[in-house]
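Peer 1: fold the following.
(one chain, ligands or ions: 1)
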Amino acid sequence: MSEKKVGVAVAGLGFVGGRAHVPAFKKIPGAELVAVIDVIEELAQKVATKYNVAYYLDHKEALKNPEIDAIVVAVPTPFHYKLAFDAIASNKHVLCEMPLTANIAESIVLGKLAEKAGLVFMPNLNFRFTPNYVKTKELIEQGVIGKPLAITFREFIPAKELATQWPRDSWAWNKEKSGGYPDFTLSVWSIDLVRWLLNSEIENVHWMTNYAQLEEIENFTGYQTMGIIKLSNGVVGTLHYSATVALGQGTSKLEVFGSNTKTLTAKWNNFLMLTGEDSEKQEWNFTEKGTKVWGHFQADSYFIECILTEKKPMITVDDAIKAQNVASKIVS
Ligand SMILES: NC(=O)c1ccc[n+]([C@@H]2O[C@H](COP(=O)([O-])OP(=O)(O)OC[C@H]3O[C@@H](n4cnc5c(N)ncnc54)[C@H](O)[C@@H]3O)[C@@H](O)[C@H]2O)c1
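Peer 2: Have a look, this model is predicted:
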């Protein structure tokens, strides 16, 4: 007899749904990708053909399919609430992209509904699964830097890249519908990462922003957004998000400074370094490929594991809300 698999449908086949979740679920042993959903028929049909699954243009039609046990909500943030609400009402588990909803009250409603129905409702905070961040957490917990004292995180996205994905007239710039501008949206994973790595809450944040028209880039606003934070365990830190740099200059860097003078530095998604006195240095290079690079495959696998083993995910609605509350203080 074959083992029970979780039937999955991915709703929203854009940047994250089409390029990360669909290929990931196709390869997860406990999951069966049953269908894809997008309002753009040409796109839905193309992805469905490539992965040999059914497609739907209306999520409500997909929810009638008894082979679908779980829905991945990867549509633009303004539609998360509607799709997640309908999915829970149809007794489907939900993996929901971040930010969960523009309005925190709606996230609370979804969390309560899923809990009452006994369904898994997991925010996709995939940085908790990115290989070099997983190693960073392991080393911090082993005490290799003593007690963490300070943390810095910065992420630079090439302006032209973001201008193509989320031009100024797209949903990502509608504060009312999306909760904030792209700096808000794109900060939530790393804000959660800081909380998770240090096992502590961000108690205080002070943001400064500089939004500017960039030369030769139409229908877009560049941003340099910086925050100073203090966590409840005393750790201080900085967060820096930007979308003004040139193509090819996209990068991210995380540093954690410890009480034994050692520092952990994670660069992009594939490198981690521990430095001590003078030339004392240890390096890790991560070679994961495809949807494993940023932890999407691992997050999606964990979601399936939670459904199959009936366990509550370690990532909760409360985590999503805490990250969004810090991000929502960005003055835009
Ligand atoms: N986890 C990550 O790494 C990550 C990265 C970027 C974005 N995101 C989040 O993922 C979500 C989607 O972002 P994106 O950049 O992929 O967006 P996108 O605009 O690239 O793609 C969204 C897709 O959803 C489709 N769509 C819109 N309304 C729909 C509906 N009602 N039903 C079905 N399909 C619908 C669109 O046609 C489009 O194909 C956002 O909430 C965003 O914040 C997550």
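Peer 1: what about stretch 135-155, start to end distance?
Peer 2: This stretch, stretch 135-155, spans 19 Å end to end (CA to CA, to the nearest Å).
Peer 1: does it come close to the ligand?
Peer 2: No - applying CB under 6 Å from any ligand atom, one finds stretch 135-155 separated from the ligand by no less than 11.5 Å. C-beta here means a position set from N, CA and C on the backbone, and glycine is covered the same way.
Peer 1: how about stretch 74-83?
Peer 2: Yes - using CB under 6 Å from any ligand atom, we find that stretch 74-83 touches the ligand at 74-77, 79.
Peer 1: state the distance from the residue of the chain found nearest the ligand to Lys112.
Peer 2: Taking CB to the nearest ligand atom as the measure, the point where the chain comes nearest the ligand is Gly14, at 1.8 Å. According to CB to CB, to the nearest Å, Gly14 stands 29 Å off from Lys112.
Peer 1: quick one, domains of the chain?
Peer 2: For the chain, automatic domain parsing gives the domain ranges 6-123, 127-294+323-327.
Peer 1: give me whichever of these is most buried.
Peer 2: Across the domains of the chain, averaging neighbours per residue (mean count of other CB atoms under 10 Å) puts domain 6-123 on top, at a mean of 20.
Peer 1: start to end distance for that domain?
Peer 2: Its first and final residues considered, domain 6-123 spans 18 Å by CA to CA.
Peer 1: quick one on the thing from earlier: which residues touch the residue of the chain closest to the ligand?
Peer 2: 38, 74, 76 (CB atoms under 8 Å, 6 or more residues apart in numbering).
Peer 1: repeat for Thr152
Peer 2: Contacts for Thr152 were tallied using CB under 8 Å, 6+ apart; they are 237-240, 253-255.
Peer 1: which one of the residues you listed is nearest to Thr164?
Peer 2: Top of the list for closeness to Thr164, among these and by CB to CB, is His240 at 22.5 Å.
Peer 1: do stretch 237-250 and the ligand meet?
Peer 2: No - Stretch 237-250 is not in contact with the ligand by CB under 6 Å from any ligand atom; minimum separation 12.7 Å.
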